[in-house]
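Novice: Predicted model, plus sequence, below.
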Amino acid sequence: MSVSFTLRTRLCWDGAFRMGMKSLSIISTILVLACIAVGCGDKKSSAGEITDMDRDFMAMAINTASQSAMNGGGPFGAVIVKDGKVVALTSNSVTRDNDPTAHAEVTAIREACRVLGTYDLSGCILYSSCEPCPMCLGAIYWAHLDCVFHGGTRKDAAKAGFDDAFIYDEISVPTENRTVPFIPMMRNESMAPFRIWSSNDSKKEY
Ligand SMILES: [Zn+2]
């Protein structure tokens, strides 16, 4: 009886826990979607809806990705738009340029910065034919882009052989346990550049 009671209690707790987690998951998903919708809407258009212009820009990114794939390049394209005008239209050029960082989003950021003469893409919107990978995600945040629209998802990319899930997973792995080991060394000496930066009154903060 005691075992039965304990089991029932445990099952009850397990059920409550699962229900609680499920509710939390649903609530957090709704919050994230609401934040994304509000964030893009505020910065992109008053309506906050995907417009025909957005579809045109995304079509450009997708067509560029298709062209790249037809010519043996990576099947990804990106467009960066500022004030309704295209400032960069690029495709993945990893194999063409022997550059593993030349993803469409990164090359678009480089091109937009070159065209606009700035390292800060605030006020710009990125249209990518596919959900950006973790490297491009970082570049997007460093570039201060306002909003990102993407066509395919990371799951679509994985089906085509571009699985970046392991990189997302690596971020939360302790550095010493990562597939590529990160080994800290000479920390005291490496503080010198930071001291120079802090005391340099003519530095450009970014
Ligand atoms: Zn990428």
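Specialist: Cool, got the structure.

Novice: Look up which helix or strand F57 falls in, please.
Specialist: Assessed by DSSP states H and E, F57 sits inside helix 52-70.

Novice: repeat for R195
Specialist: helix 192-199.

Novice: I'd like the average pLDDT over that helix.
Specialist: Helix 192-199 comes out with an average pLDDT of 98.

Novice: Off-centre distance for it?
Specialist: Centroid separation between helix 192-199 and its chain, computed with C-alpha atoms, centre = their mean, to the nearest Å, is 30 Å.

Novice: now stretch 171-190
Specialist: Using C-alpha atoms, centre = their mean, the offset of stretch 171-190 from its chain centre is 23 Å.

Novice: Could you list the residues in contact with that stretch?
Specialist: Stretch 171-190 is contacted from outside by P134, F166, E170, using C-beta atoms under 8 Å, 6 or more residues apart in numbering. All C-beta spots, glycine's among them, are computed from the backbone N, C-alpha and C.

Novice: Buried ones among the residues you listed?
Specialist: Buried members of these, scored by 16 or more other C-beta atoms under 10 Å, are P134, E170.

Novice: how about the contacts of stretch 171-190 in TSV, adding pLDDT?
Specialist: As requested, these are arranged in TSV below (pLDDT from 0 to 100):
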residue	pLDDT
P134	96
F166	90
E170	93
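
Novice: Also near the ion: which of the contacts of stretch 171-190, exactly?
Specialist: Subset of these in contact with the ion: empty, counting by C-beta under 5 Å from the ion.

Novice: Just say helix, strand or coil for V79.
Specialist: Secondary structure assignment for V79 (DSSP: H, G, I helix; E, B strand; the rest coil): strand.

Novice: what's the burial count for it?
Specialist: 27 (other C-beta atoms under 10 Å).

Novice: Over to A104?
Specialist: Using other C-beta under 10 Å, the number of residues around A104 comes to 31.

Novice: Apart from its chain neighbours, what residue comes closest to S129?
Specialist: Spatial nearest neighbour of S129, excluding adjacent residues (C-beta to C-beta, 6 or more residues apart in numbering): A65 at 3.9 Å.

Novice: Can you list the neighbours in contact with the helix holding R195?
Specialist: When contacts are defined by C-beta under 8 Å, 6+ apart, helix 192-199 is touched by residues K203.

Novice: ok, now stretch 55-65?
Specialist: Contacts for stretch 55-65 (C-beta under 8 Å, 6+ apart): 75-79, 81, 86, 89-92, 104, 125, 127-130, 149, 151.

Novice: now swap in stretch 133-141 and tell me
Specialist: By C-beta under 8 Å, 6+ apart, stretch 133-141 touches 101, 103, 105-106, 109, 126, 128, 132, 148, 154, 157, 162, 164, 167-168, 171.

Novice: Could you tell me which of the contacts of stretch 55-65 are located in helices?
Specialist: If you go by DSSP state H, the contacts of stretch 55-65 have A104 in helices.

Novice: which stretches of this structure aren't confidently modelled?
Specialist: Scanning the chain for pLDDT under 70 picks out 1-48.

Novice: Grab the most central residue of it for me.
Specialist: With distances taken as C-alpha atoms, centre = their mean, the residue of the chain nearest its centroid is L137 (2.6 Å).

Novice: In a strand, that one, correct?
Specialist: No: membership of L137 in a strand is not supported by three-state DSSP, which gives helix.

Novice: No further queries at this time; thank you.
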